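Undergrad: with the input below, show me the fold.
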Amino acid sequence: MEERSIYSDDSCGDEAASGTPTPARDPSMDNGEIAPPAAKRREKSPYIPHELVREILVRLPVDSLMRFTCVCKAWGSTISGDASFHRAHLRLQRPYMLLSPFGGFNRPDGGCMRKVAFYRWEVSQGNLDAALVYATEVPSADTKHKVVHCDGLVLVPAGATVLLLNPATRRARALPCSPNFSFYSHQVFGLGRDLRSNTYKVARFFYRSAPATTSDCHYAAVTGNCHNTARMEGFTIGVDRHWRETAAQPPYPVMQWREATSFKGSLLWIVDERALGNVAPGFLRFDLADETFGLMQFPPWRPSSEYATVGLAELRGELLAAQVRNDVEMWVCDNADNPNWELHHKILLSLWPKHLNPVGLFNDDDVVFQDEEVNLLIRYDRQTKSLKAVVHMMYLRYHNPSTGAIEYGNSRFAEKHQSTTLPIFTIDVIPYVPSIIPI
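TA: Reported below is the predicted structural model:
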């Protein structure tokens with residue numbers, strides 16, 4: 001059978017010029033013979049079907065794939081533009097904890113720290129070094145919201161600036177400024193994948209001041225005869241050039257600083273009972289395909305005035321709803337349309353903090369919680385059915401991308417190691433999965 005080249009006709013190594021190339025002399029031929037043309041030499045290379053090459057590529061880390069995009073057009077097209085390849089690669093990646101400490105864009109010492117940074121830390125590494133994965137400038141911002149994530153993409157809302165990042169590929173882009181942005185109105189974000197169009201969409205909940213005589217759903221009055229009306233606008237990555245308001249407005253207000261959880265083509269928000277003035281009827285659901293609103297039924301937990309302590313997290317195809325009181329109830333379902341909630345775990349907190357928020361699954365499928373008040377990571381050990389401290393994130397060592405110094409979140413640790421203190425107000429923690437998905 002005739003041997004074929006591993007390269008296709010459109011490979012990056014093809015001759016660009018027309019005509020017959022001048023034969024090159026091979027220095028290894030000391031008998032004066034002329035080496036055969038490159039095309040002849042390539043004919044002796046073994047042929048590997050592209051399907052097999054694809055199966056090899058899909059198992060490689062992101063850094064390797066980024067380098068291999070220029071091997072040939074076929075490889076570059078698969079790595080950069082094949083959505084099915086992106087999904088297959090994503091499924092084979094191992095997640096890890098991605099930390100994003102934030103201490104304000106203006107440092108107490110007067111220095112300016114207009115960078116958002118992401119660090120990788122794993123329990124198995126056995127030390128307190130948080131490895132810097134990616135850092136980028138924030139063009140202009142006075143405040144920063146909690147980051148949201150989906151399939152390796154990370155959204156960083158910072159005032160009027162909204163950054164979309166892929167830390168694994170080290171790519172970033174700023175979304176256009178919304179004409180509806182106001183420093184006097186809170187905004188809440190979500191990021192998810194539209195399963196119908198296979199596109200990624202950003203959703204932004206905001207309030208607009210409107211006359212109280214309108215028929216719109218309105219909430220707490222602001223000034224005079226005006227009220228806040230709930231609105232939603234969206235931005236489709238790779239399609240839209242500007243924000244666009246949804247045809248339907250949100251039927252319920254959502255809690256400030258509680259960004260949406262992405263789950264199987266929908267974004268889920270915690271309803272703001274204080275603004276609503278009533279008991280929340282469920283989780284507010286936004287369908288990314290139809291861009292319509294609905295409600296997702298609560299788990300059958302006992303009624304509680306501590307609804308604001310409920311946390312949501314996507315756990316590898318399942319949705320976890322954790323209600324924190326003197327105990328923690330962990331309910332799980334696998335469907336947003338007709339959820340069949342099951343109580344998987346219930347534990348007493350006793351001496352543990354009462355400000356736990358579920359983050360995701362790590363290691364041996366243990367659920368990891370974050371105590372946002374003291375920046376402590378706690379995991380639920382399914383075998384012993386108990387909570388165990390993982391790490392106090394203020395004690396980790398961080399490479400400050402603004403100063404180039406190794407700094408500590410805890411001032412006592414910094415003084416002990418003759419280092420400076422990284423000012424930290426909050427630390428965002430996400431279960432990050434490296435992906436090749438373009439932005």
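Undergrad: show me the shaky parts of the protein.
TA: For the chain, applying pLDDT under 70 flags the ranges 1-45, 103-114, 125-126, 140-144, 184, 210-227, 302-307, 351-354, 362-364, 405-424.
Undergrad: show me which strand runs longest in it.
TA: Secondary structure of the chain per DSSP state E: the longest strand is strand 199-211.
Undergrad: show me what it is packed against.
TA: strand 161-166, strand 187-194, strand 226-236 (3 or more CB pairs under 8 Å, 6 or more residues apart in numbering; DSSP states H and E). Bear in mind the C-beta positions are built from the backbone N, C-alpha and C, glycine included.
Undergrad: tell me what angle that strand forms with strand 161-166.
TA: Relative orientation of strand 199-211 versus strand 161-166 (axes from the mean of the first three to the mean of the last three CA atoms, to 10 degrees): 170 degrees.
Undergrad: now residue 182. Nearest residue, chain neighbours left out?
TA: Excluding its sequence neighbours, the residue lying closest to residue 182 (CB to CB, 6 or more residues apart in numbering) is residue 206, at 7.6 Å.
Undergrad: residues near that neighbour, how many?
TA: The number of residues packed near residue 206 is 21, by other CB atoms under 10 Å.
Undergrad: just to check, it is in contact with residue 231?
TA: Yes - shown here, residue 206 and residue 231 form a contact pair, counting by CB atoms under 8 Å, at 5.5 Å.
Undergrad: identify the contacts common to the two.
TA: Each of residue 180 lies in contact with both residue 206 and residue 231 under the rule CB atoms under 8 Å, 6 or more residues apart in numbering.
Undergrad: partners of the longest strand of the chain, with directions?
TA: strand 187-194 (antiparallel), strand 226-236 (antiparallel) (DSSP bridges).
Undergrad: if you compare those strands, which one is most tucked away?
TA: strand 187-194 (a mean of 23; mean count of other CB atoms under 10 Å).
Undergrad: need the CA coordinates for that strand. PDB is fine.
TA: Taking Å, rounded to 0.1, in the frame of the first residue of the first chain, the C-alpha atoms of strand 187-194 are listed here in PDB:
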ATOM      1  CA  GLN A 187     -25.700  44.800  39.600                       C
ATOM      2  CA  VAL A 188     -25.400  41.000  39.700                       C
ATOM      3  CA  PHE A 189     -23.900  38.800  37.000                       C
ATOM      4  CA  GLY A 190     -24.100  35.400  35.600                       C
ATOM      5  CA  LEU A 191     -22.100  33.400  32.900                       C
ATOM      6  CA  GLY A 192     -23.300  30.200  31.300                       C
ATOM      7  CA  ARG A 193     -23.500  28.200  28.100                       C
ATOM      8  CA  ASP A 194     -26.500  28.200  25.800                       C
END
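Undergrad: ok, back up a step: compare the helices and strands packed on strand 199-211 and give me the one nearest residue 330.
TA: For residue 330, the closest of the helices and strands packed on strand 199-211 is strand 187-194, at 22.5 Å, according to CB to CB.
Undergrad: pull the residues that contact that closest one.
TA: 145, 148-151, 153, 155, 157, 162, 181, 199-206, 236, 254-263, 265-267, 269, 286, 288-289.
Undergrad: try it again at 7 Å.
TA: Identification of contacts with strand 187-194 by CB atoms under 7 Å, 6 or more residues apart in numbering yields 145, 148-151, 153, 155, 157, 200-206, 254, 256, 258-260, 262, 265, 267, 269, 286, 288-289.
Undergrad: in contact with residue 66, which residues?
TA: Taking CB under 7 Å, 6+ apart, one finds residue 169 in contact with residue 66.
Undergrad: how about it, secondary structure?
TA: Following DSSP: H, G, I helix; E, B strand; the rest coil, residue 66 is assigned to helix.
Undergrad: check the one 10 residues further on too.
TA: Under the three-state scheme (three-state DSSP), residue 76 adopts helix.
Undergrad: so where do the strands sit in the stretch 301-439 of the chain?
TA: Secondary structure of the stretch 301-439 of the chain (DSSP state E, counting those that start in this stretch): strands at 311-315, 318-324, 327-333, 342-348, 356-362, 366-371, 376-381, 386-392, 397-399, 406-408, 426-432.
Undergrad: same for the third one, what does it pack against?
TA: Based on contacts counted as 3 or more CB pairs under 7 Å, 6 or more residues apart in numbering; DSSP states H and E, the elements that strand 327-333 packs against are strand 318-324, strand 342-348.
Undergrad: buried stuff in the first one?
TA: In other words, strand 318-324. With burial defined by 16 or more other CB atoms under 10 Å, the residues of strand 318-324 counted as buried are 318-324.
Undergrad: same deal with stretch 233-252?
TA: By neighbour count on 16+ other CB under 10 Å, the buried set for stretch 233-252 is 233-237, 243, 245-246, 250, 252.
Undergrad: so which strand or helix has the most centrally placed residue in the chain?
TA: Here the mean C-alpha position of the chain is nearest to the C-alpha of residue 149 (CA atoms, centre = their mean), at a distance of 2.0 Å. Using DSSP states H and E, the element containing residue 149 is strand 148-150.
Undergrad: next secondary structure after that strand?
TA: Downstream of strand 148-150, the next assigned helix or strand under DSSP H and E is strand 153-158.
Undergrad: next, the angle from that next one to strand 187-194.
TA: Angle, strand 153-158 to strand 187-194, by the same axes, to 10 degrees: 160 degrees.
Undergrad: and residue 129, how close does it get to residue 285?
TA: 40 Å (CB to CB, to the nearest Å).
Undergrad: same deal with residue 124?
TA: Separation of residue 124 from residue 285 (CB to CB): 36 Å.
Undergrad: again, but for residue 236
TA: The gap separating residue 236 from residue 285 is 19 Å, by CB to CB.
Undergrad: do residue 253 as well
TA: Distance from residue 253 to residue 285, by CB to CB: 15 Å.
Undergrad: next: residue 234.
TA: 15 Å.
Undergrad: before we move on, the earlier item: please say which of residue 129 and residue 285 ends up with more neighbours.
TA: Each of residue 129 and residue 285 has its neighbours counted (other CB under 10 Å); residue 285 has more, 19 against 15.
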